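Colleague: what follows is a protein structure lacking sequence information:
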């Protein structure tokens, strides 16, 4: 394959999971999600959600922990899965999220994957994760804080 045919690597935004048009990310959520009010320029405040997740990059052999922020579109899909007797709690299985479109026109397709136990390496990542998700989000911010008064969960890295 020519180098000109290669896709750019997924935009994962460092510690924060990010989506670009056409991205398809496979994740396993863990821990308790949080909700917060986000203010976007020129718009009324709205409720957003955040969760910690294992991000499974197809190009890497290992998962990594990310902060996953999402709005009502994804929250409604997760709620429907949680209420479905065949699926249940979304932390019990991987979820694939496919993003299409740009900015306000972006659409998300949320697809649950068959339930299976975490690998030992992934279970260790979850067990060892000490990030305090609540400290990453505050009212009236558009995204989790990367630096903030008090303990920054990434400062030791």
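Modeller: Okay, I see it. As the structure is a computational prediction, the values presented were derived from the model and not from experiment.
Colleague: partners of the biggest strand by length in the chain, with directions?
Modeller: Assignment by DSSP state E gives strand 24-38 as the longest strand of the chain. Strand 24-38 sits in its sheet next to strand 46-56 (antiparallel), strand 95-100 (antiparallel), going by DSSP bridges.
Colleague: which of these sits closest to residue 67?
Modeller: strand 46-56 (6.1 Å; CB to CB). Yep, even glycine has a C-beta here, placed from its N, CA and C like the rest.
Colleague: right, so the strands paired with strand 24-38: which one is the most enclosed?
Modeller: Of the strands paired with strand 24-38, the one with the most neighbours on average (mean count of other CB atoms under 10 Å) is strand 46-56, at a mean of 20.
Colleague: report the angle between the very next helix or strand once past that one and strand 95-100.
Modeller: Once strand 46-56 ends, the next helix or strand along the chain (criterion: DSSP states H and E) is strand 64-70. Strand 64-70 runs at 60 degrees relative to strand 95-100, counting by axes from the mean of the first three to the mean of the last three CA atoms, to 10 degrees.
Colleague: low-scoring stretches of this protein, by residue?
Modeller: Scanning the chain for pLDDT under 70 picks out 1-13, 58-61, 137-157.
Colleague: which one's the longest helix in it?
Modeller: helix 72-83 (DSSP state H).
Colleague: and it with strand 64-70, angle?
Modeller: Going by the same axes, to 10 degrees, helix 72-83 makes 110 degrees with strand 64-70.
Colleague: report the separation between the most centrally placed residue in the chain and residue 85.
Modeller: The residue lying closest to the centre of the chain (CA atoms, centre = their mean) is residue 68, at 2.3 Å. According to CB to CB, to the nearest Å, residue 68 and residue 85 sit 25 Å apart.
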